[in-house]
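1. Mind looking at a prediction? Sequence and model below.
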Amino acid sequence: MWLRLAFVPLLALYLVAHVAGAEERVVSDAPELMTIELPEDFVSIGTKGDQEEPLPRSTPEDSHLESYIQGLLDAKFSKYAVVATVRNGQVVLSHLPAESIKANKIIAYVKKIASVSHITIGGDSATLSTLQHPERPLTKDDYTGIWLPQSTVLFPAQVANPRQLAFSVGHRLRDYACGGKNGSVVTFGDQFPLYRWANILKWKGDLQLEVEAGVFAVFNQDHSSSRLQNADYYAGIPLSYAVGPWAFRARLYHISSHLGDEYMHHHRHKRRKNKSFEAIDFFSCYQITSGIRVSGGPGVVIHSDSQMRVKPLYAEYGMEVRAFRHNFTQLFGQPFLSMYFRNYQDTNFDMDSSYALGYEWGKIQGFGRKIRLFMEYHDGFSCEGQFSHRKTNYFGLRLSYGF
């Protein structure tokens, strides 16, 4: 059965790669693209005809402002494919629409969000000198943030984390603690940015308030009814701050765990304990190189239900490696390796290890979610709430969509 289930994501992988490759062959005469890698996403810059002289090397502050402007342009003016580049506090807008009214509207928008003081326009591009580090304090007339930003989250995804929020489906082999010899996992979860403040603190970083929610469900495929074994419900409120290669996240969250009805029906001697708790944690992330980043931090459970007490302290940490990126016409693809580790006082600080090895696709121009197909391996205690005191190790194959 697991071979049949594994065939579906493999077929999807083949179709996506085939379509992307065909698109690249058809548009072989398109302008050459160069990408600048940011902590999580990518910005596309046209290298032919955008400017007469090459732009100077970017600083971390330039890259951060560039990603911010590009994300907002992609969200508000996506049909024009305008490209934003920032070097030494100077903004260059390329591929502006030929119609002056529309071009001026885009320039005015960037002028507002980037505190621009001077604009020089030429051809289909505009050069804007910015007050990236103003001497005077910000006033109520200065642009300091945006409601419901659509570009990206500030704290990067931790792909190997078994509780990473995404829309995903997968198959597990030999998860005897919960899923059986053949099990399947389904995740429904997403992050919803509420408000992003710009130029916060002396480092001039971005601060973003979000809400998160998700459901993590495990099914036993050893039976024809595909019994629901366990479902964990998650809700959180993260506050993230990002500047240069650094990102930080403080989070308050709640998890409630429930045994499946079918599992209870076939295990009448089992008694469900209400595993429900609230916790806070503080994680940091550092982009060591363009393809390597590390993250981690401590956490504490501040309240748990009396039926199933959870000991308070824990730590989670990991690393991700990406390389050999290939650019198609509109998408990029690259392999990745992600590792994630957990030590919980509730399980005597024993090591839980999770690994993910696979391939991801995302947009070259602009930011947002990615499609990932990867193999996973877990060794340690089960991540499923009602079975969290049982040890397990399993292999899996998963297809996901998320940040």
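-> Nice, I can see it. Numbering: from 1, shown residues only.

2. Disregarding residues adjacent in the polypeptide, which is nearest to residue 237?
-> residue 252 (5.1 Å; Cβ to Cβ, 6 or more residues apart in numbering). All C-beta spots, glycine's among them, are computed from the backbone N, C-alpha and C.

3. Which other helices and strands does the strand or helix carrying residue 372 contact?
-> Here residue 372 sits within strand 370-381, counting by DSSP states H and E. Strand 370-381 sits against helix 2-26, strand 331-344, strand 351-363, strand 391-402, with contacts defined as 3 or more Cβ pairs under 8 Å, 6 or more residues apart in numbering; DSSP states H and E.

4. Can you spell out which helices and strands pack onto the third one?
-> In this case it means strand 351-363. Other elements packing on strand 351-363 under the criterion 3+ Cβ pairs under 8 Å, 6+ apart are helix 2-26, strand 331-344, strand 370-381.

5. and residue 157, how many neighbours?
-> 23 (other Cβ atoms under 10 Å).

6. okay, now the domains of this structure?
-> 2-8+149-402, 31-131 (automatic domain parsing).

7. Adjacent strands (with direction) for whichever strand or helix holds residue 236?
-> Using DSSP H and E, residue 236 maps to strand 227-243. Strand pairing for strand 227-243, using DSSP bridges, gives strand 205-220 (antiparallel), strand 246-259 (antiparallel).

8. how about the ones you listed in CSV, adding mean neighbour count, distance to residue 235 and mean pLDDT?
-> Below are these laid out as CSV (neighbours: other Cβ atoms under 10 Å; distance: least, Cβ to Cβ, whole Å; pLDDT from 0 to 100):
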stretch, mean neighbour count, distance to residue 235, mean pLDDT
strand 205-220, 20, 5, 93
strand 246-259, 19, 5, 93
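
9. Turn these into TSV, including distance to residue 166.
-> Conversion of those to TSV gives the following (distance: least, Cβ to Cβ, whole Å):
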stretch	distance to residue 166
strand 205-220	8
strand 246-259	16
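
10. so residue 194 makes contact with residue 211?
-> Yes. Assessed by Cβ atoms under 8 Å, residue 194 is found in contact with residue 211 at 6.5 Å.

11. Distance-wise, check residue 326 relative to residue 361.
-> 10 Å (Cβ to Cβ, to the nearest Å).

12. scratch that, residue 91
-> In terms of Cβ to Cβ, residue 91 sits 29 Å off from residue 361.

13. Who has more neighbours out of the two?
-> More neighbours surround residue 91 than the other of residue 91 and residue 361, with 24 against 18 (other Cβ under 10 Å).

14. about what we covered before: could you tell me which residues within the strand holding residue 372 count as buried?
-> Using 16 or more other Cβ atoms under 10 Å as the test for burial, strand 370-381 gives 370, 371, 372, 373, 374, 376, 378, 380, 381.

15. now the fifth one: how far from residue 289?
-> Relative to residue 289, residue 374 is positioned 21 Å away (Cβ to Cβ).

16. For residue 355, list each beta-bridge partner.
-> Bridge pairing for residue 355 - DSSP bridges - gives residue 339, residue 377.

17. same thing with residue 294?
-> Beta-bridge pairing of residue 294 under DSSP bridges involves residue 286, residue 319.

18. Give me the buried stretch members for stretch 187-200, please.
-> For stretch 187-200, using 16+ other Cβ under 10 Å, the buried residues are 187, 189, 190, 191, 193, 196, 198, 199, 200.

19. No further queries at this time; thank you.
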